[in-house]
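Asks: For reference, the sequence and a predicted model appear below.
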Amino acid sequence: MDVIPLSQLRLGIQYCLIRVMISRVWEFRGKSDDEPVKHLDLVIIDEKKTSMYVEILADVIEILKTNLVEGRVVTIKKFIVHHARTLFKVVQHPYMIKLNRRTEITPVDPQPQNFPRHVYSLINFSDLDHYLNMTAQFLDVIGQVVAVSNVAAIKSFGKMQTKRIVKLKDLSGHIIELSLWGSRATEFQGDQIYEVGQKDAVIVLFVGTLWKSHRGETPFLSGTSACHWYINDESIPEIRNFYASLPNEVDPIEMLQLANSNNNQDEVRQKTLLELKDADPFEEKTNRFECTVTITRLTPNQKWFYPACQKCHSRTNLSGPTYTCTNKECSCTEMEYRYKLSLMGSDDTFELEFILFEQSSKFLAQMQLADDKMDIETMGDQTGSGVAGSKRPYDSTTEDSEDDDAALGTYGKRTKKQ
């Protein structure tokens, strides 16, 4: 059977043969590492450097996972081609592939030399604001690590999650912050990078991130399950070129201290609903509270969605042929519908209305009313999405190295003497 280039695939069931490199593999579990795997995701690339996104449903993973190793060239046949997803695109291709229990994956032996491996489309730091709070595609960036934090347990949108911060600087001196969440935070070799960064420059190319801002705060990159990275990888031309443009001496990497949320429990206070009702919104505007309630009913005559600004997720209004965001600091004219769930919750003291947005409303919509008690953290206009990482047992490059320098790679750009 002849090998078909990815560029020639068409919609429908395909009984043909493709030969590709498995560039990336990750598990999608939803909002938390504790949730079951919903599907396994891949990025593949062929010899003509055409890349595609591949999805494998949970009940098929065990059948196919043996040959799903990053960096391996395989042949694949018996699969189905679908239209690409409209959100969270990892590659720009009109189609995606879904594998099934009859799919056949065979490693190519011997492995071809000089087969394309990496898939990315770099965005300049100066252009990131064009993608603020947008979910149409993931973003890829490159920068020099100037600071890295420890891993800390952080409460984000009512859930405890692990988090690590990495600060990146581009060649223009612009510094941005990247937050790694869930297992991505623990997998990132922060301590090793800090040690290497005391003597040498550390350049990282991150793929699969989103540019976010919550409630008007300083924007940051967010890296969850789809996020991967390449550290001082000399096989990537952009990393080599970035390094060549650095001065002979660079500043050593700074270690940031990220506090655990359990060290700041006073920031979230327990209240009954009656106490919450009587709270002064002018005095308590910046405070956060937590209450345990039983969801009793949906608020009548309320829509379950609202017209949202595509950039900042505030409400937007139709103004002639375009939309006008109600956030005075936002000039976006694009609209998308987002979830907004209005419901009533009660405890032994009172009943109050709660309004939940997007991810929180999606989560609660899957539960039967009054079946369970749960914590609802009142955090103002909670329009952001929860984020979490995902485990990576399919990554062939995550084994611990005996030599930190060998694992990370080093260059000749030395740090300034202290």
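Replies: Here it is on my side, so go on.

Asks: What helices and strands are in contact with the strand or helix carrying Leu352?
Replies: Assigned by DSSP states H and E, Leu352 falls within strand 351-357. Judged by 3 or more Cβ pairs under 8 Å, 6 or more residues apart in numbering; DSSP states H and E, strand 351-357 is in contact with helix 273-278, strand 288-298, strand 335-346, strand 373-378. Just so you know, the C-beta spots here come from the backbone N, C-alpha and C atoms, and that holds for glycine as well.

Asks: Paired strands for it, with orientation please.
Replies: strand 335-346 (antiparallel) (DSSP bridges).

Asks: Using PDB, list the CA coordinates for the strand it pairs with.
Replies: Presented in PDB, the C-alpha positions along strand 335-346 are these (Å, rounded to 0.1, in the frame of the first residue of the first chain):
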ATOM      1  CA  MET A 335     -18.800  38.400  20.100                       C
ATOM      2  CA  GLU A 336     -19.100  34.700  21.200                       C
ATOM      3  CA  TYR A 337     -21.800  33.100  23.300                       C
ATOM      4  CA  ARG A 338     -20.600  31.800  26.700                       C
ATOM      5  CA  TYR A 339     -22.300  29.900  29.500                       C
ATOM      6  CA  LYS A 340     -24.000  31.700  32.400                       C
ATOM      7  CA  LEU A 341     -25.900  29.600  34.900                       C
ATOM      8  CA  SER A 342     -28.200  31.200  37.500                       C
ATOM      9  CA  LEU A 343     -29.200  29.000  40.400                       C
ATOM     10  CA  MET A 344     -30.500  29.100  44.000                       C
ATOM     11  CA  GLY A 345     -28.500  27.700  46.800                       C
ATOM     12  CA  SER A 346     -29.400  27.300  50.500                       C
END
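
Asks: Report the buried residues of that strand.
Replies: Going by neighbour count (16 or more other Cβ atoms under 10 Å), the buried part of strand 335-346 is Met335, Glu336, Arg338, Tyr339, Lys340, Leu341, Ser342, Leu343, Met344, Gly345.

Asks: tell me which of these is nearest to Phe289?
Replies: Among the buried residues of strand 335-346, Gly345 lies closest to Phe289 (Cβ to Cβ), at 13.0 Å.

Asks: what sits against the closest one?
Replies: Leu273, Cys291, Val293, Thr294, Ile295, Thr296, Glu351, Leu352, Glu353, Phe354, Ile376 (Cβ atoms under 8 Å, 6 or more residues apart in numbering).

Asks: again with Leu168
Replies: Contacts for Leu168 (Cβ under 8 Å, 6+ apart) come out as Phe125, Val141, Gly143, Gln144, Val145, Val146, Ile175, Ile176, Glu177, Leu178, Val204, Phe206.

Asks: same thing but 10 Å
Replies: 125, 141-147, 174-178, 203-204, 206, 221 (Cβ atoms under 10 Å, 6 or more residues apart in numbering).

Asks: Just the pLDDT for it.
Replies: At Leu168, the pLDDT value in this model is 98.

Asks: Over to Ile154?
Replies: At Ile154, pLDDT is 84.

Asks: now swap in Gly389 and tell me
Replies: Gly389 is given a pLDDT of 30.

Asks: related to what we said a few turns ago, which among the contacts of Gly345 count as buried?
Replies: Neighbour counting with 16+ other Cβ under 10 Å marks Leu273, Cys291, Val293, Thr294, Ile295, Leu352, Phe354, Ile376 as buried within the contacts of Gly345.

Asks: just curious, which of these is nearest to Ser51?
Replies: Ile376 (41.4 Å).

Asks: the helices in the stretch 201-350 of the chain, which residues?
Replies: With DSSP state H, counting those that start in this stretch, the ranges of helices along the stretch 201-350 of the chain come out as 237-244, 273-278.

Asks: Switch these over to CSV; also include mean pLDDT and distance to Thr66.
Replies: Formatted as CSV, the helices of the stretch 201-350 of the chain follow (pLDDT from 0 to 100; distance: least, Cβ to Cβ, whole Å):
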stretch, mean pLDDT, distance to Thr66
helix 237-244, 96, 31
helix 273-278, 92, 53
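
Asks: closest to Ser23 out of these?
Replies: Using Cβ to Cβ, these put helix 237-244 closest to Ser23, at 15.5 Å.

Asks: buried set for the closest one?
Replies: Buried residues in helix 237-244, counted by 16+ other Cβ under 10 Å: Glu238, Ile239, Phe242, Tyr243.

Asks: do stretch 269-289 as well
Replies: Lys271, Thr272, Leu273, Leu276, Phe289.

Asks: Surely the third one touches Asp348?
Replies: This points to Leu273. Yes - between Leu273 and Asp348 there is a contact under Cβ atoms under 10 Å: 8.7 Å.

Asks: Could you check how far Tyr339 is from Glu104?
Replies: 40 Å (Cβ to Cβ, to the nearest Å).

Asks: scratch that, Phe282
Replies: Going from Phe282 to Glu104 by Cβ to Cβ gives 65 Å.

Asks: before we move on, the earlier item: nearest to His118, of the contacts of Gly345?
Replies: Distances from His118 to the contacts of Gly345, taken by Cβ to Cβ, are shortest for Ile376, at 42.8 Å.
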